[in-house]
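Trainee: 3D model of this:
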Amino acid sequence: MNPCPSGNHGHAETIAQALMLGEMTPDKQHEYANMLNEMLELLHEYADIQEEDSTIVPAEIPADVMRELAEHYTAGETLESLAARHPYSYRKIRTALIGAGIALRPPRIPLPPTPPGMVNAYGNGRSIRQLASTYRMSYNQTRNILIAEGVRLRRRGQP
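Mentor: This next block holds a predicted model:
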């Protein structure tokens, strides 16, 4: 199927000519590039939905489904798991939750595995800064690993 049966590409052809002839400012080029990226993302999202489910997905999320999404999200479920269970994309669910006034949690940054000996070294008096240097990690990453391991942190300067 030809997307432009008349052979007239209209606005796209005009933009392409202006670009090739150097008649478009860099700001305009970026504006059109961003627009094309958004369109590409939407087309991929639509294609993914069509591949997953051949039934037509309503453009708007029904109120009862929206209540269920909000309830599950506020109970701790992730956007990824909600998108996996419903015929809506991650982006659609995220946008709908924001529109419904649901405060989104910050994304969790996965921690690397706890290096062997880190917890024991902290328990034996090494500071977080010393551990960060030894294991070549940032102070915050080292601290977060210790907290994730259930270590009770000492006050600053205490052995």
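Trainee: which parts of the chain are helices?
Mentor: Using DSSP state H, the helices of the chain run over 11-20, 26-52, 63-74, 79-85, 90-99, 118-123, 128-134, 139-148.
Trainee: got a list of contacts for the last one?
Mentor: Same thing as helix 139-148. For helix 139-148, contacts defined as C-beta atoms under 8 Å, 6 or more residues apart in numbering pick out 111-112, 114, 118-119, 122, 128-129, 131-132, 135, 137, 153. From N, CA and C alone the C-beta is placed, and that goes for glycine too.
Trainee: for the helices of the chain, which one sits closest to residue 157?
Mentor: Proximity to residue 157, assessed across those by C-beta to C-beta, is greatest for helix 128-134 (11.4 Å).
Trainee: what is the closest one packed up against?
Mentor: With contacts defined as 3 or more C-beta pairs under 8 Å, 6 or more residues apart in numbering; DSSP states H and E, the secondary structure elements packing on helix 128-134 are helix 118-123, helix 139-148.
Trainee: and that helix, which residues are buried?
Mentor: Judged by neighbour count (16 or more other C-beta atoms under 10 Å), helix 128-134 contains these buried residues: 128, 131, 132.
Trainee: between those residues, which is closest to residue 47?
Mentor: Nearest to residue 47, judged by C-beta to C-beta, of the buried residues of helix 128-134 is residue 132 at 44.9 Å.
Trainee: so where is this protein shaky, pLDDT-wise?
Mentor: Counting by pLDDT under 70, the chain contains low-confidence ranges at 1-10, 49-58, 159.
Trainee: quick check, central residue of it?
Mentor: In the chain, the centroid-proximal residue (C-alpha atoms, centre = their mean) is residue 107; its distance is 7.6 Å.
Trainee: that residue and residue 94, how far apart?
Mentor: According to C-beta to C-beta, to the nearest Å, residue 107 and residue 94 sit 11 Å apart.
Trainee: what's the answer for residue 38, then?
Mentor: 16 Å.
Trainee: tell me which of those two has more neighbours.
Mentor: Neighbour count, other C-beta atoms under 10 Å: between residue 38 and residue 94, residue 94 has more, with 17 against 10.
Trainee: am I right that the more buried one is in contact with residue 104?
Mentor: Yes. Shown here, residue 94 and residue 104 form a contact pair, counting by C-beta atoms under 8 Å, at 7.0 Å.
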